[in-house]
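>>> All I have is the shape, not the residue letters:
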């Protein structure tokens, strides 16, 4: 036996459905966007510059690597991770520089530029210094800035026992020129 709704309940049921539907539609309406409670915190200039050759003035003959990490709540771990990423970025930049530097260098027979490039990059990275840290208060990101002077790279070149003397002389004579050429290429 089938039950039919009582004639008096049908209008009440329809009215309840209509009120529920209009209430749900009213909740989905979009209002004006909420204004931020405070102004956004500005980043330091070195964070905005990122991995680069030379300082902001262009006179500084150094390599800079920027490391960034987000989402790590342990402050010491976040800082160490950002430092390591900054060193890795600096190594990538130094690798490109050494490859360009060796590009025009006359190699003696039996010497490959790849082996010399690995030797120069690896020995030079021992002089990397972490010079800045920044902890962003809003999103918790951590930034580190690593720095390596061109003079340190040239000093390691002079000490390199595995580097042939003519190659050392050529590279030391052309280090400033190669740095300037790479800096100009990065700006364009």
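On my side now, so go ahead. Given the structure is predicted, the values throughout are model-derived calculations rather than measurements. Residues are numbered from 1 along each chain as shown.

>>> Every contact and neighbour count from this point should use C-alpha atoms.
Noted.

>>> quick one: contacts for residue 125?
By CA atoms under 8 Å, 6 or more residues apart in numbering, residue 125 lies in contact with 91, 148.

>>> let's see 10 Å
87-88, 90-91, 94, 147-148, 152-153, 156 (CA atoms under 10 Å, 6 or more residues apart in numbering).

>>> after the lowest-mean-pLDDT helix or strand in the chain, next one along is what?
Using mean pLDDT, DSSP states H and E, the weakest-scoring helix or strand in the chain turns out to be helix 9-27, at a mean of 54. Next in sequence after helix 9-27, counting helices and strands by DSSP states H and E, comes helix 45-49.

>>> Quick one: list the elements packing against that following helix.
strand 62-69, strand 129-135, strand 142-149 (3 or more CA pairs under 10 Å, 6 or more residues apart in numbering; DSSP states H and E).

>>> Of all these, which one comes closest to residue 40?
strand 129-135 (14.0 Å; CA to CA).

>>> Now do the closest one against strand 62-69, angle only.
Interaxial angle of strand 129-135 relative to strand 62-69 (axes from the mean of the first three to the mean of the last three CA atoms, to 10 degrees): 40 degrees.

>>> Name the residues of strand 129-135 that come out as buried.
By neighbour count on 16 or more other CA atoms under 10 Å, the buried set for strand 129-135 is 129-130, 133-135.

>>> do stretch 60-77 as well
61-69.

>>> Same list, the residues you listed, but as JSON lines with distance to residue 179 and pLDDT please.
Compiled in JSON lines, those are given as follows (distance: CA to CA, whole Å; pLDDT from 0 to 100):
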{"residue": "61", "distance to residue 179": "8", "pLDDT": "87"}
{"residue": "62", "distance to residue 179": "9", "pLDDT": "90"}
{"residue": "63", "distance to residue 179": "10", "pLDDT": "90"}
{"residue": "64", "distance to residue 179": "13", "pLDDT": "93"}
{"residue": "65", "distance to residue 179": "16", "pLDDT": "94"}
{"residue": "66", "distance to residue 179": "19", "pLDDT": "96"}
{"residue": "67", "distance to residue 179": "22", "pLDDT": "96"}
{"residue": "68", "distance to residue 179": "25", "pLDDT": "96"}
{"residue": "69", "distance to residue 179": "29", "pLDDT": "96"}
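
>>> Does residue 126 touch residue 146 like I think?
No. At 11.8 Å, residue 126 does not count as touching residue 146 under the criterion of CA atoms under 10 Å.

>>> The lengthiest helix in the chain: how far from the chain's middle?
Longest helix in the chain, counting residues (DSSP state H): helix 75-103. How far helix 75-103 lies from its chain's middle: 10 Å, per CA atoms, centre = their mean, to the nearest Å.

>>> pLDDT on that helix, on average?
What helix 75-103 shows for mean pLDDT is 90.

>>> Can you name the element that comes right after that helix?
Using DSSP H and E, the helix or strand that directly follows helix 75-103 along the chain is helix 113-124.
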